[in-house]
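J.: one predicted model, sequence on top.
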Amino acid sequence: MPNDFYGLPLHPLIVHATVVIIPLAALTVLLSALWPRFRNWAGPLPAGLSIVGLILVPLSTSTGETLEKHVERSALLEKHTHLADGLLPWMIGLTVVAVVGYGLHWRAKHGNSAVKALMVGVAVLSVVAVVGTSVQVARIGHSGAKAAWADTDMSSTTRPGG
């Protein structure tokens, strides 16, 4: 995996897409699982966003591993990379419940009323996947920010209004 794109580190570029798409996927999966009107409106959108998020996770970790070879090692960086490795299972779970939820919704919409009971189970699993994915993304982002900014002295910068 290349380290840069026109001189910009590739990892932050891909990570910015990741931190937008994954929370958006989580939100749409949650709304789709709990709100029938949204589910009817959204159709395959939650599943599509989840699939894109699932694709972005290995891209983010791969570019992160490439960038890691060019920066100084630290305990904060180790924590960040360890947390990042834990996102893929959550995204797999989120994607599975999104795709299964959409499939069940589609079948119920086309006359198969037996799947409505399964939709409750998928809704519960969706909430678990959404919470787990969201917490993991927040932890990874926080640890990445700490690792990136740990050696800067923010107290010496001039802040607006102060």
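T.: Great, that's in hand. Residues are numbered from 1 along each chain as shown.
J.: below-threshold pLDDT in the protein: ranges please.
T.: Flagging of the chain using pLDDT under 70 yields the residue ranges 1-2, 152-162.
J.: show me what contacts the most centrally placed residue in it?
T.: Centroid check for the chain by CA atoms, centre = their mean gives residue 22 as the closest residue, at 3.0 Å. With contact taken as CB atoms under 8 Å, 6 or more residues apart in numbering, residue 22 is in contact with 53, 56, 57, 91, 133, 137. Glycine gets a C-beta too; all of them are placed from N, C-alpha and C.
J.: go again using 7 Å as the cut-off
T.: Taking CB atoms under 7 Å, 6 or more residues apart in numbering, we find residue 22 in contact with 53, 91, 133, 137.
J.: same check, this time on residue 98
T.: Applying CB under 7 Å, 6+ apart, the residues near residue 98 are 29, 46, 47, 50.
J.: how far does stretch 86-102 sit from the chain's center?
T.: Between the centre of stretch 86-102 and the centre of its chain there are 10 Å (CA atoms, centre = their mean, to the nearest Å).
J.: thinking again about what came up before, secondary structure element for the residue nearest to the centre of the chain?
T.: Assigned by DSSP states H and E, residue 22 falls within helix 10-34.
J.: name the helices or strands packed onto the helix or strand just after that helix?
T.: Scanning forward in sequence from helix 10-34 by DSSP H and E, the next helix or strand is helix 36-42. Packing partners of helix 36-42 (3 or more CB pairs under 7 Å, 6 or more residues apart in numbering; DSSP states H and E): helix 10-34.
J.: 10 Å instead, please
T.: Counting contacts by 3 or more CB pairs under 10 Å, 6 or more residues apart in numbering; DSSP states H and E, helix 36-42 is packed against helix 10-34, helix 45-68, helix 87-109, helix 116-149.
J.: now tabulate these in CSV and tack on distance to residue 79.
T.: Converted to CSV, those look like this (distance: least, CB to CB, whole Å):
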stretch, distance to residue 79
helix 10-34, 16
helix 45-68, 13
helix 87-109, 14
helix 116-149, 5
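J.: among these, which is nearest residue 77?
T.: helix 116-149 (4.7 Å; CB to CB).
J.: show me what counts as buried in stretch 82-98.
T.: Buried residues in stretch 82-98, counted by 16 or more other CB atoms under 10 Å: 83, 84, 87, 90, 91, 93, 94, 95, 96, 97, 98.
J.: was I right to think the fourth one contacts residue 83?
T.: No: using CB atoms under 10 Å as the test, residue 90 is too far from residue 83 to be in contact (11.2 Å).
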